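Asks: Could you work out the structure for the sequence below:
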Amino acid sequence: MYAKMKNYSLIEYKLRRFIYLGEKTSIYVPPVHKKLFWENKNRQDFKITGINLIGEIIRKNNTEDINSIVPTISKIANEKQPQNCENLIFLLTVCAKFNLDNCQKMKTDAYAKITTYCTDGLKLMMFFKFCSTATKILYEKGYITKRSSGFGEGARTAIRKWYLNREPLETVKFIMQYKTYHGVCHKQIMNTIHLRSNDPSHQVYITYVLHDMKKLVDIYETKLLIQDDDTSEEILDKIQQKCVYNYIKKVHRIDNPTNSKLTSDLKWNDLGKDFKIVVSKMLQSSKVLTNYVQQLPLNILLDNTFSFSQHRLFHNLRGRIGCMEFIMRFNNIKEIQESEIHPFESYLEYLRYTKTGPTVYALNKTKEFTKNMLFDTNMDGAGCSNNIVLTKKKKENKSLRLIKSQNKFCKTDVYFMKPLPTHSPKLQELLSTNLMKITLNNLNPTNRRLLIAYDSRSYYISAVSCRYMHVKFLKVCEAISLIVQSIAYPNQLKANNKPTIIALQNGHKFKIVDVDCDLIWKTASLEYRLFGNTAALEQKNNNRVRNVKPLDTLVWSKECNIMYDVFLFVGTNKMDLRMIRKAKAQYEAYFSNSKIKIIVCCLNGNHTERINCSRDGLLFIPGFDKNVGRIIELFINNKF
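Replies: So this is what the prediction gives:
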């Protein structure tokens with residue numbers, strides 16, 4: 001009934017862990033927290049970890065193992081599951097930079113795969129950047145004996161193929177999508193490899209990148225005009241060059257929107273769909289931004305919700321056009337499915353929109369001002385003296401004082417106040433409910449038997465924030481609800497594989513929680529079912545909170561003779577995980593050596609048992625970000 005877990009070779013396990021997690025062990029640290037999380041500087045940089053991984057395999061001098069590295073990387077890449085392409089591109093770059101005698105086949109294979117997996121301009125710039133970085137680290141670590149720039153004939157040939165082995169219009173679209181990557185741009189790449197081409201269409205974008213728009217216009221504006229004496233072959237060449245030239249002109253106007261006709265032009269051109277990032281110039285005009293909302297990819301739109309809010313796309317004083325255009329883009333269920341948007345992304349953008357930003361700041365300032373008023377702002381004018389005015393003191397003193405004024409108010413005076421900024425209810429409904437339900441339906445169920453144990457102590461969990469980005473608006477109880485929802489929803493409603501959900505309490509106490517199908521897709525309702533009314537609870541001193549015992553669920557499972565394939569422990573550093581590897585081994589022995597997986601999510605940061613929770617079938621996740629849901633799903637399905 002239940003599928004067996006895949007068996008990978010040791011080398012493949014190591015490569016998979018690095019490509020999916022960027023680490024040598026089973027631990028996922030959100031990228032923004034790596035420098036603070038790892039005390040060892042070598043662990044902070046994924047590049048050093050990747051080089052040590054490949055270097056250890058090569059030092060064993062096993063030709064079969066060395067030659068299997070690139071095919072294994074290619075196999076993982078073809079699964080199209082890794083979210084971070086940097087790790088994959090870096091491993092291929094490292095393989096291409098080993099110049100030892102026993103690495104020649106690996107080196108040739110790596111260069112061949114570079115042109116295949118660098119599917120856009122961003123990945124090409126990654127490869128270019130990693131060439132110099134990897135070569136420098138390899139020399140410092142003693143893996144290679146000669147210092148070099150990293151741009152030998154092999155690298156130059158691979159990059160030339162990337163530019164010249166596809167249609168010119170396709171190449172220029174990739175070039176315009178991403179302009180830079182950590183200081184690397186296409187102009188630097190072309191100058192380094194001395195890119196030249198005999199194809200006139202390729203020469204158009206090469207001229208634009210190496211020089212500027214002015215020179216491109218000077219050369220091609222009159223040159224591409226079709227003359228009466230042109231042959232059919234010359235006419236065809238000019239038409240092809242004209243396509244590349246016109247595309248560059250359109251995109252260049254986006255980066256330099258000085259033309260007054262730009263806004264009207266955007267209504268009919270479709271350049272927006274070719275962008276993978278939001279160009280800063282787009283944000284300078286709400287009209288330009290509104291038109292681009294109609295074309296940008298959905299995942300780019302969602303990622304920039306907060307940025308759009310800051311630039312007043314959804315502002316109530318600007319009307320509802322921008323907001324409605326944004327909402328309408330998410331009515332296409334098929335497009336949402338193709339974008340692979342995860343429910344976490346939608347809900348996190350909802351929290352960011354409602355809990356941070358200029359609108360929230362203005363509302364909070366208004367509340368503070370209202371509290372400090374010396375009379376009720378809702379009272380009639382008759383209740384106030386007509387010979388006083390309110391003035392503020394200096395900034396360091398926030399209190400207000402009354403000053404008698406010689407100028408009296410006239411009862412016929414009318415005072416106009418700026419209306420309070422408001423959040424869009426329809427946008428909140430989209431992000432927190434509608435889009436959440438669509439993306440939850442897109443999740444795939446698993447055939448593993450699942451047990452989820454979470455810290456249910458509301459008085460503690462509701463007062464602790466997740467280690468998420470650089471802000472503290474995501475509570476642990478909200479993150480737990482999201483994780484439970486993303487796992488329980490697809491398995492309970494699609495595969496009839498209802499996971500067991502256990503609420504951990506103080507000491508050795510716990511209880512099984514049953515979640516109705518009607519509640520499981522509503523995040524707020526699910527949170528209330530898991531924790532109760534957290535808003536009405538009094539916050540206690542967290543220093544006196546005892547640890548919960550998630551390992552008791554393994555004992556309970558053995559007593560009930562019910563075997564689970566995956567255990568998911570979700571909470572904070574107040575989880576007692578001592579002897580977790582021993583408990584796992586005893587559990588596997590009790591059920592005839594059946595292998596299980598344990599996932600530990602410590603949402604508020606590090607844990608004292610981190611080392612024991614990141615090896616031998618265990619996955620440790622400190623903190624939280626939008627990729628946590630995918631990482632858990634991939635680990636459950638044995639992708640690494």
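
Asks: and Phe330, what does it touch?
Replies: Leu298, Ile336, Leu430, Asn434, Leu435, Ile438 (CB atoms under 8 Å, 6 or more residues apart in numbering). In this view, the C-beta of every residue, glycine as well, is placed from N, C-alpha and C.

Asks: Count the neighbours of the first one for me.
Replies: The reference is to Leu298. 18 (other CB atoms under 10 Å).

Asks: again, but for the fourth one
Replies: Counted with other CB under 10 Å, residues neighbouring Asn434 total 15.

Asks: Same question for the third one.
Replies: Here the neighbour count serves as a burial measure; for Leu430 (other CB under 10 Å) it reads 24.

Asks: Look up the closest residue to it, ignoring the ones flanking it.
Replies: Distances taken as CB to CB, 6 or more residues apart in numbering put Ile327 closest to Leu430, at 5.3 Å, once the chain neighbours are dropped.

Asks: quick one: contacts for that neighbour?
Replies: Lys426, Leu427, Leu430.

Asks: From those, pick the one nearest Ile144.
Replies: Closest approach between the contacts of Ile327 and Ile144, by CB to CB: Leu430, at 52.9 Å.

Asks: so where's the stretch 351-500 of the chain uncertain?
Replies: The model of the stretch 351-500 of the chain has pLDDT under 70 over residues 356-421, 470-471, 495.

Asks: where exactly do the strands run in it?
Replies: For the stretch 351-500 of the chain, applying DSSP state E, counting those that start in this stretch gives strands covering 388-392, 400-404, 450-455, 500-504.

Asks: Now the helix or strand hosting Ile66 - C-alpha only, PDB.
Replies: Element membership for Ile66 (DSSP states H and E) is helix 63-67. C-alpha atoms of helix 63-67 as PDB (Å, rounded to 0.1, in the frame of the first residue of the first chain):
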ATOM      1  CA  THR A  63      37.500   7.300 -11.200                       C
ATOM      2  CA  GLU A  64      34.000   5.800 -11.200                       C
ATOM      3  CA  ASP A  65      32.800   8.100  -8.400                       C
ATOM      4  CA  ILE A  66      34.400  11.200 -10.000                       C
ATOM      5  CA  ASN A  67      32.800  10.500 -13.400                       C
END
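
Asks: Return the mean pLDDT over it, rounded to an integer.
Replies: Across helix 63-67, pLDDT averages out at 88.

Asks: What lies in contact with that helix?
Replies: Helix 63-67 is touched from outside by Ile11, Ile57, Ile58, Asn102, Cys103, Lys105, Met106, Asp109, with contacts defined as CB under 8 Å, 6+ apart.

Asks: Swap in 10 Å and give it another go.
Replies: With contact meaning CB atoms under 10 Å, 6 or more residues apart in numbering, helix 63-67 is reached by 9-11, 54, 57-58, 60, 72, 95, 98, 100, 102-106, 109.

Asks: Next, check those against the helices and list the overlap.
Replies: Leu10, Ile11, Ile54, Ile57, Ile58, Thr72, Cys95, Gln104, Lys105, Met106, Asp109 (DSSP state H).

Asks: Out of those residues, the closest to Asn573 would be?
Replies: Out of the ones in helices among the contacts of helix 63-67, the member with the shortest distance to Asn573 (by CB to CB) is Leu10, at 31.4 Å.

Asks: out of the ones in helices among the contacts of helix 63-67, who has the most neighbours?
Replies: Within the ones in helices among the contacts of helix 63-67, most neighbours by other CB under 10 Å means Ile54, with 26 neighbours.

Asks: who's in contact with it?
Replies: By CB under 10 Å, 6+ apart, Ile54 lies in contact with 14-15, 18, 66, 69, 73, 90-91, 94-95, 97-98, 103, 106, 134, 138, 143.

Asks: Could you report the separation of it from Leu100?
Replies: 12 Å (CB to CB, to the nearest Å).

Asks: now Gln310
Replies: Using CB to CB, one gets 52 Å for the distance from Gln310 to Leu100.

Asks: now the contacts of Ile327 as CSV including distance to Tyr454?
Replies: Below are the contacts of Ile327 laid out as CSV (distance: CB to CB, whole Å):
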residue, distance to Tyr454
Lys426, 32
Leu427, 30
Leu430, 28
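
Asks: Among the residues you listed, which are located in helices?
Replies: Lys426, Leu427.

Asks: And the helices in the stretch 101-250 of the chain, which stretches?
Replies: Per DSSP state H, counting those that start in this stretch, the stretch 101-250 of the chain carries helices over the ranges 104-117, 121-141, 153-164, 168-177, 186-193, 200-210, 213-223, 232-255.

Asks: sorry, back to before: please identify the helix or strand for the residue nearest to Leu430.
Replies: With DSSP H and E as the test, Ile327 turns up in helix 321-328.

Asks: Which is the succeeding secondary structure element to that helix?
Replies: Next in sequence after helix 321-328, counting helices and strands by DSSP H and E, comes helix 333-339.

Asks: Can you spell out which helices and strands pack onto that following helix?
Replies: Contact here means 3 or more CB pairs under 10 Å, 6 or more residues apart in numbering; DSSP states H and E; on that basis helix 333-339 packs against helix 298-303, helix 435-441.

Asks: Name the residues that touch the longest one?
Replies: Just to be clear, that refers to helix 435-441. By CB under 10 Å, 6+ apart, helix 435-441 touches 298, 302, 327, 330-333, 336-337, 339-347, 349-350, 429-430, 482, 485-486, 488-490, 493-494, 520-523, 629.

Asks: ok now that helix, how far from the chain's centre?
Replies: Computed by CA atoms, centre = their mean, to the nearest Å, the separation of helix 435-441 from the middle of its chain amounts to 17 Å.

Asks: Over to the shortest one?
Replies: Here the centre of helix 298-303 is set off from its chain's centre by 10 Å, with CA atoms, centre = their mean.

Asks: packing partners for that helix?
Replies: Contact here means 3+ CB pairs under 10 Å, 6+ apart; on that basis helix 298-303 packs against helix 286-293, helix 333-339, helix 343-355, helix 435-441.

Asks: Might you report the residue contacts of Tyr347?
Replies: 431-433, 435-436, 439, 474, 478-479, 481-482, 485-486, 523, 626.

Asks: With Gly623 instead?
Replies: Shown in contact with Gly623 (CB under 10 Å, 6+ apart): 28-30, 32-33, 36-37, 466-469, 479, 601-606.

Asks: Which pLDDT value goes with Asn165?
Replies: pLDDT, read off for Asn165, is 89.

Asks: ok, it - contacts?
Replies: Asn165 touches Thr115, Thr171, counting by CB under 10 Å, 6+ apart.

Asks: make it 8 Å
Replies: Here Asn165 is in contact with Thr115 (CB under 8 Å, 6+ apart).

Asks: rewinding a little: can you add distance to Arg448 and give the helices and strands packed on helix 333-339 back as TSV?
Replies: Below are the helices and strands packed on helix 333-339 laid out as TSV (distance: least, CB to CB, whole Å):
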stretch	distance to Arg448
helix 298-303	28
helix 435-441	18
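
Asks: winner for burial among these?
Replies: Of all the helices and strands packed on helix 333-339, helix 435-441 carries the top mean neighbour count, a mean of 20, counting by mean count of other CB atoms under 10 Å.

Asks: give the contact list for the closest residue to Lys472 other than its chain neighbours.
Replies: Closest residue to Lys472 apart from its sequence neighbours, by CB to CB, 6+ apart: Ser465 at 4.0 Å. By CB under 8 Å, 6+ apart, the residues touching Ser465 are Lys472, Phe473, Leu474, Lys475, Val476, Asn604.
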